[in-house]
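1. got a predicted structure here, sequence first:
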Amino acid sequence: GMQIKVIRLSQESFHGIRIEGTLNGNPCMLLAHQSTVQMLCYVEKLAKGATSRKIGFIIEGEETEV
């Protein structure tokens, strides 16, 4: 499957999900039914002094970052 570095996950309609991120360094957006999306999350080691990357979530129009 594809490996997307996720920036934002959004609820789209009742069962849809929008995934925004980068694929091979290029911006991308994927729209899918939630039952077809499988995710594997991993932790990247940060260089000393680097800031952590946040992921945004949009649910019912409200955006939060974690």
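-> Alright, I've got the coordinates. Numbering: from 1, shown residues only.

2. from Glu12, how far out is Glu60?
-> 11 Å (Cβ to Cβ, to the nearest Å). (Glycine included, C-beta is placed from N, CA and C.)

3. the two: which has the busier surroundings?
-> Glu12 (14 against 5; other Cβ atoms under 10 Å).

4. the closest residue to that one other than its chain neighbours pairs with what?
-> Nearest residue to Glu12 in three dimensions, chain neighbours excluded: Arg18, at 4.8 Å (Cβ to Cβ, 6 or more residues apart in numbering). Note on Arg18: beta-bridge partners by DSSP bridges are Ser10, Leu31.

5. list the contacts for Arg18?
-> 8-12, 29-31 (Cβ atoms under 8 Å, 6 or more residues apart in numbering).

6. of all those, which comes closest to Met39?
-> Nearest to Met39, judged by Cβ to Cβ, of these is Leu9 at 9.2 Å.

7. in this structure that closest one contacts Glu63, no?
-> No - using Cβ atoms under 8 Å, Leu9 is not in contact with Glu63, being 10.4 Å away.

8. spit out the residues that contact these two alike.
-> With Cβ under 8 Å, 6+ apart, Leu9 and Glu63 have common neighbours 56-57.

9. what about those two, which has more around it?
-> Leu9 (17 against 10).

10. the more buried one: what's it in contact with?
-> 17-20, 55-58.

11. now rank these by neighbours and give me the top one.
-> Ile19 (19 neighbours).

12. ok, that one - contacts?
-> Contacts of Ile19 by Cβ under 8 Å, 6+ apart are 4, 6, 8-9, 29-30, 32, 37.

13. one step back: nearest to Gly49 among the contacts of Leu9?
-> Distances from Gly49 to those, taken by Cβ to Cβ, are shortest for Ile55, at 21.1 Å.

14. hmm, back to that, look up how far Asn26 lies from the residue nearest to Glu12.
-> Look at Arg18 and Asn26: by Cβ to Cβ, they are 17 Å apart.

15. what about the helices in the chain?
-> For the chain, applying DSSP state H gives no helices.

16. low pLDDT regions in it?
-> Within the chain, no stretch has pLDDT under 70.
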